[in-house]
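A.B. asks: Pasting the sequence and the predicted coordinates here, then a few questions.
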Amino acid sequence: QVQLVESGGGLVQAGGSLRLSCAASGRTFSSVAMGWFRQAPGKEREFVAAISRSGTVYYTDSVKGRFTVSRANAKNTVYLQMNSLKPEDTADYYCAASQGGSYYYYESYRYWGQGTQVIVSS
């Protein structure tokens, strides 16, 4: 069992930055790939970024060059640094622990956090 708790969301102006954190319970954190997804009102949950056990990172095209995913295994924490935020980044952001499969697909993740809200004003 893995429990995930996100934090760091909030209201920010366009062009600003936020850093999301996801704290994980369990001793197997370092052996699990982690992902970030987001869901805007009225839209489906979409892939944002992922980081493998070895630290390889993956991003959706719309956030490349602006977002950075990282992990601190000693702290059982994964981060999402978000820079140059745009109003279209407004969504609830979720971290998730992979159970195998493609990092880009919702179905590849077994455990999910409760989400943290990000609102980017124009």
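C.D. replies: Looks like it came in fine.

A.B. asks: lowest confidence element among the helices and strands of the chain?
C.D. replies: strand 109-112 (a mean of 94; mean pLDDT, DSSP states H and E).

A.B. asks: packing partners for it?
C.D. replies: strand 91-98 (3 or more Cβ pairs under 8 Å, 6 or more residues apart in numbering; DSSP states H and E). Every C-beta, even on glycine, is put in place using the N, C-alpha and C of the backbone.

A.B. asks: strands paired with the strand it packs on, and their directions?
C.D. replies: Take DSSP bridges as the rule and strand 91-98 pairs in its sheet with strand 34-39 (antiparallel), strand 109-112 (antiparallel), strand 116-121 (antiparallel).

A.B. asks: pull the CA atoms of the shortest one into CSV?
C.D. replies: Meaning strand 109-112. Below are the C-alpha coordinates for strand 109-112, written out as CSV (Å, rounded to 0.1, in the frame of the first residue of the first chain):
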residue,chain,number,x,y,z
TYR,A,109,-0.9,4.0,-12.1
ARG,A,110,-2.2,2.1,-9.1
TYR,A,111,-2.0,4.7,-6.3
TRP,A,112,-3.2,8.3,-6.4
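
A.B. asks: mind listing the strands for the protein?
C.D. replies: 4-7, 10-13, 18-24, 34-39, 46-51, 57-59, 67-72, 77-82, 91-98, 109-112, 116-121 (DSSP state E).

A.B. asks: separation between the residue nearest the centre of the chain and residue 49?
C.D. replies: The chain has residue 36 as the residue nearest its centroid, 2.4 Å off, counting by Cα atoms, centre = their mean. The gap separating residue 36 from residue 49 is 5 Å, by Cβ to Cβ, to the nearest Å.

A.B. asks: Now list whatever residues contact both of those two.
C.D. replies: Contact criterion Cβ atoms under 8 Å, 6 or more residues apart in numbering; residues shared by residue 36 and residue 49: 69, 80.

A.B. asks: What count of nearby residues applies to the nearest residue to residue 25 once chain neighbours are set aside?
C.D. replies: In space, and not counting its chain neighbours, residue 25 is closest to residue 3: 4.2 Å by Cβ to Cβ, 6 or more residues apart in numbering. By other Cβ atoms under 10 Å, 13 other residues sit near residue 3.
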